[in-house]
Structures are given as C-alpha cells and as structure tokens.
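>>> make a model of this:
(one chain, ligands or ions: 2)
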Amino acid sequence: MSPSKKVDPRLLSPLLLVHINQLLTLCSNKPGPRRAAALKELGVIEDAAVLCIGGKIVSAGKTKDALSDPWLKKNRSKVTEIDCAGKVVLPGFVDSHTHPAFISPRLVDFEKRIAGATYEEIAEAGGGIRSSVEAVRRAEKKHLAEKVLSGLQEMSAHGTTTVEAKSGYGLSLESEIKSLEAIRDAANHWPGTVVPTLLGAHVVPKEFKKNPQKYVDVICQQMIPQAAKRKLAKFVDVFCDKGAFTAEDTERIFAAATKNGLAVRVHVCQLSETVLWPLLRFHPASFDHMDHVNDDDIPQLAKRDTVATLVPGANYFLGLKNYPPARRLIDAGVPVALATDYNPGSSPTPAMPFVLSLACTHMKMSPEEAIAAATMNGAWSVGLQDRKGSIEPGKDADLAIFDAKDYREIPYWFGVNRCEVTVLNGEKIGRGNSPAKI
Ligand code: NIG
Ligand code: FE
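Ligands and ions are numbered 1, 2, ... in the order given. Sure thing, here's the model as predicted:
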C-alpha cells in the first residue's frame, strides 16, 4: 500500500475567495441540529469573501472588509485567490449515509426491477445485497480501496467534502474488516473527511441463514470489538427491517457497540414500520430512511438531537411512488438531514445536488431546507457539528463553489454538475476526476 497522499494542510498556501455573489454561511445562534423554521436559515452574505489558512476558515464576511484586513494587505501575493463573482459558495456537503465498499454495479437487479420485480422480491430470489458479497470477499484490499476512492472522488466533484462510509458487503469478520481497512486507505488518499461505519448487520449471509443469531454473535463478539480496538469505525449501523435484522437484534448489536465505545445509527422504517422509542436509549446519531415512521414516534424525535437522515435517491432509483415524509418530520420539529445512500443496489448516485433536487420536487422541502439538511444537519448526523457544516472562523475549510448566481439553482438544475470547485480541508480541486490509484 502506498503511503498516505494527503497533503498536510499546514503546507497549503492560504486561499481567498472574493466577490462571492451569495455566500451561504449556515451560521445560526440556535443550539443543536437545525429544526422547524431554523432549517431555513442560510446566513446569506452578498459580495462576500472567505479566507482559509492551514486548512481552516479564518474569516467569512464582506469582500470590502476582507480586503482591508492588514494581514491580507501585507500577504496578498502569497495567497491563492479565486474570483467568485456570479457564483454561490456554501459549506461542502456532508454526505452522511453512503455504502462505497462494493465492486460492481448490480445491473441484473436493475433490469429485473424494470421488468416489474420489487427490491424485496429480488433480494428473496438471491439478488440484492447478498449478490454483492462474493466479489467483495474475493477482492484484494487494494482493489476495493480504489473502488472506494473513485466513489469519494465522484462525490467531491459534486461538492461533497465529508462522507460517512459504511462497510456491509463483506458479511464475515475478515471481509468486513477488509472493507473498513479499504475505507481507511481510500480516506488517506482523498483530501476530504471520511467517517467510517461498521455495517456487518446489513443482511444475514447465506451460510448463517439457518441460524441468524449465530451471525449476530459474530457481529457482537468479533466484528465490533475488532473494529473498535483497531479504531476502524466510529459508528455501528444495522439494517433493521423485514428481510434483514429485527428490532431485538438491533438492540443487541447497539448494546455491543456501546460497550465497545462506538456510536450507533440505523437503517430503519425503509420497507416496513419499526417502533423507534426502544432504540432511543442508545442515543443513535441518526435514524436513516424513515419512509414508514410511526406517527407516535415523531413527537419523541422532535425532543431529541437524533437526526432523521432521508435518502430519496433510493426511492427514485427503486421507482417508488412515495418518498420519505419530510414535511411531517420538519413541521413537527424533527431535525432532518439529506444524504445520497450511494450504493450499487438502491441508489447509485454520488451527487448531493441531485438529492437536493429530489427533496424539493418530491418531498416539498424548500431549497433553503434542503441546503441546511445537506450541510449543517449532515454534520450533526455524523457528530462533526463542531468542525463541519457551516462557514465560520475555526471550522474546517470545506467549501463548494457553484456556477450559479442564486442558491435556488443548486436544487433547480438536475442531471448536470454545476459544482465548479470544491475545497476540502483547504485543498482545492476542480472539475473532473483524477484516476483512483492507491
Ligand atoms: O440503504 N437498505 C439497506 N441498504 C441499502 C441498500 C444496499 C443495497 O441494496 O446494496 C440502502 O438502501
Ligand atoms: Fe443505506
């Protein structure tokens, strides 16, 4: 494995963005994740400037104030300057739900669905998540890491700077750990920030079909302790739904995660309803999907900081008529985030702007709500709210520059990438991918 290609942010030249048509700072004086009316507050500054030094944001405000700063006056020649006239600048997207550790697209599932089969029917017939497992088990770690890296590069080309990345297509101790190592190696070659998650509990692999509890034992007694000891994961996730794991399994797995010092999040209410309140005692960072959330759980969620992470790319790609109930959740005061759910089965998109477009057109979120859900609330969903999600002094220099005069154009255009430049921990990348080589 070649050594890390990450540039030390202290060696980067200072970066100044000037004359930004609209700077969305996402600053707010309200504590906690954004909910209800606060989800609309983008903190817009016109003709704005942002100065980044050493991978951190040093100032964000009006261009004229930045240019009269004594330090900048003296050091302007040492600063890389980007003229952002006619552009929108916002915090880099925090994609808080992705599954990048896979080898191949699932084209057979795709065709079967076009011919009328459902996601569940395909899974029962041997397709679905299980059909991605063989290739991951056989893959060399380096090859898997290159696949993860190419996913990360496609995400950053669309303005994403922080990615929560799950394992989940290995489904054995060895292959889940290999997947987490591949995520770590890819993260070391990408300038953005990766939050790794162990999803050994994605489905029960076929060799444990007759005794699923034995597989839950492997997760609790082997995968979680190893991932925790080797610091390969920050979160443990479970697919808690019909055809995958029960709420009781989920509680067992969450208890093991907690015992080993890992935080938890869960795929829940995607295909069927699960009562959520028993899971709240584990303080999950996020409940993901939430299509079939029970009305009685909503007031409980409105009182907590657990984020509801909605992933409408899956509804789009599975051809579903209904989308996650964003309005019901937001209007009740539940903090909502948006993520791609990048994966080969239900949502093969790396593009957060497309997810924002779906959220506006199909879930009736306003452009302001969609942007806050994809930045600040994504940061809350991965526990990085102190470093990510808004543009303010002291935070990481994660920015997306869009070829748009008005921020509403970000969810308005779809099927086209209008992200011109992405800044990840102070490092600037332009359009187009460099090949994913490790
Ligand atoms: O979030 N629902 C479980 N996991 C993914 C799908 C994974 C796959 O089909 O490969 C999801 O939609
Ligand atoms: Fe998922």
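
>>> go ahead and confirm residue 237 touches residue 195.
No - assessed by CB atoms under 8 Å, residue 237 is found out of contact with residue 195, at 11.2 Å. C-betas here are computed from N, CA, C, even on glycine.

>>> for the two, indicate the residue with more neighbours.
Remark: of residue 237 and residue 195, residue 237 carries more neighbours, 29 against 25, as counted by other CB atoms under 10 Å.

>>> partners of the more buried one in the sheet?
Taking DSSP bridges as the rule, residue 237 bridges to residue 265.

>>> who's in contact with it?
Residue 237 sits next to 166, 168, 197, 198, 199, 201, 264, 265, 266, 267, 288 when contact means CB atoms under 8 Å, 6 or more residues apart in numbering.

>>> kindly reformat those as a markdown table containing secondary structure.
Listed next are the contacts of residue 237 as a markdown table, based on DSSP: H, G, I helix; E, B strand; the rest coil:
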| residue | secondary structure |
| --- | --- |
| 166 | strand |
| 168 | coil |
| 197 | strand |
| 198 | strand |
| 199 | strand |
| 201 | strand |
| 264 | strand |
| 265 | strand |
| 266 | strand |
| 267 | strand |
| 288 | strand |
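
>>> out of those residues, flag the one nearest to residue 90.
Relative to residue 90, the closest of these is residue 288; by CB to CB it sits at 22.9 Å.

>>> need the nearest residue in space to the closest one, chain neighbours excluded.
Nearest non-adjacent residue to residue 288, counting by CB to CB, 6 or more residues apart in numbering: residue 309, 4.4 Å away.

>>> before we move on, what about residue 45?
Residue 45's closest residue in space is residue 23 (CB to CB, 6+ apart), at 4.5 Å.

>>> quick check: residues of this structure near ligand 1?
Applying CB under 6 Å from any ligand atom, one finds that the chain approaches ligand 1 through 99, 128-129, 132, 239, 267, 270, 314, 341, 343-347.

>>> so where is the stretch 301-438 of the chain shaky, pLDDT-wise?
Residue ranges of the stretch 301-438 of the chain with pLDDT under 70: 432-435.

>>> all helices of it, in order?
312-317, 326-332, 352-363, 367-374, 376-381, 409-412 (DSSP state H, counting those that start in this stretch).

>>> residue 156 is nearest to which of these?
Closest to residue 156 of these, according to CB to CB: helix 352-363, at 10.3 Å.

>>> list the contacts of that closest one.
Looking at helix 352-363 with CB under 8 Å, 6+ apart, the contacting residues turn out to be 93, 95, 155, 158-160, 310-313, 315-316, 323-327, 338-340, 349, 365-367, 369-371, 373-374, 410-415, 417-419.

>>> give me the buried subset of these.
When the contacts of helix 352-363 are checked for burial by 16 or more other CB atoms under 10 Å, the buried set is 93, 95, 155, 158-160, 310-313, 315-316, 323-326, 338-340, 349, 365, 367, 369-371, 373-374, 410-412, 417-419.

>>> contacts only, for the residue in the stretch 201-350 of the chain that ligand 1 sits nearest to.
At 2.1 Å from ligand 1, residue 345 is the closest residue in the stretch 201-350 of the chain, using CB to the nearest ligand atom. Counting by CB under 8 Å, 6+ apart, residue 345 touches 106, 109, 119, 128, 129, 132.

>>> can I get the buried part of those as one ChimeraX selection?
Per 16+ other CB under 10 Å, the buried members of the contacts of residue 345 correspond to this ChimeraX selection:
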select :106,109,119,128,129,132
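
>>> show me which pair in the contacts of residue 345 is furthest apart.
Greatest spacing in the contacts of residue 345, by CB to CB: 119 and 132 (13.6 Å).

>>> tilt between the lengthiest helix in the chain and helix 352-363?
Of all the elements of type helix in the chain, the one with the most residues (DSSP state H) is helix 141-157. Angle between the axes of helix 141-157 and helix 352-363 is 60 degrees (criterion: axes from the mean of the first three to the mean of the last three CA atoms, to 10 degrees).

>>> and helix 141-157, how far from the chain's centre?
14 Å (CA atoms, centre = their mean, to the nearest Å).

>>> excluding residues flanking it in the chain, which one is nearest residue 236?
Using CB to CB, 6+ apart, the closest residue to residue 236 is residue 257 (3.8 Å).

>>> phi and psi next, for the one you found.
Taking degrees, to the nearest 10, you get phi -60, psi -50 for the backbone angles of residue 257.

>>> picking that back up, among the residues of the chain next to ligand 1, which two are most distant?
Farthest-apart pair in those is 132 and 270; separation 17.2 Å (CB to CB).

>>> check the nearest residue to residue 335 once chain neighbours are set aside and give its pLDDT.
Sequence neighbours aside, residue 33 is the residue nearest to residue 335 in space, at 3.6 Å (criterion: CB to CB, 6+ apart). What the model reports for residue 33 is a pLDDT of 98.

>>> state the number of residues packed around residue 33.
26.

>>> I figured it hits residue 375, correct?
No - counting by CB under 8 Å, residue 33 does not reach residue 375; the two are 11.4 Å apart.

>>> tell me which residue in the stretch 1-150 of the chain sits closest to ligand 1.
Residue nearest to ligand 1 within the stretch 1-150 of the chain (CB to the nearest ligand atom): residue 129, separated by 4.5 Å.

>>> next up, the contacts around that residue.
Neighbouring residues of residue 129 by CB under 8 Å, 6+ apart: 123, 168, 169, 202, 203, 239, 345.

>>> quick one: the fifth one is in a strand?
No - checked against three-state DSSP, residue 203 lies outside a strand; its state is coil.

>>> the spatially closest residue to it that is not a sequence neighbour: what secondary structure?
Leaving aside its chain neighbours, residue 203 sits nearest to residue 129 (4.8 Å; criterion: CB to CB, 6+ apart). For residue 129, the assignment made with three-state DSSP gives helix.

>>> for residue 168, see how far away residue 129 is.
Using CB to CB, to the nearest Å, we find residue 129 at a distance of 7 Å from residue 168.

>>> no more questions from me, cheers.
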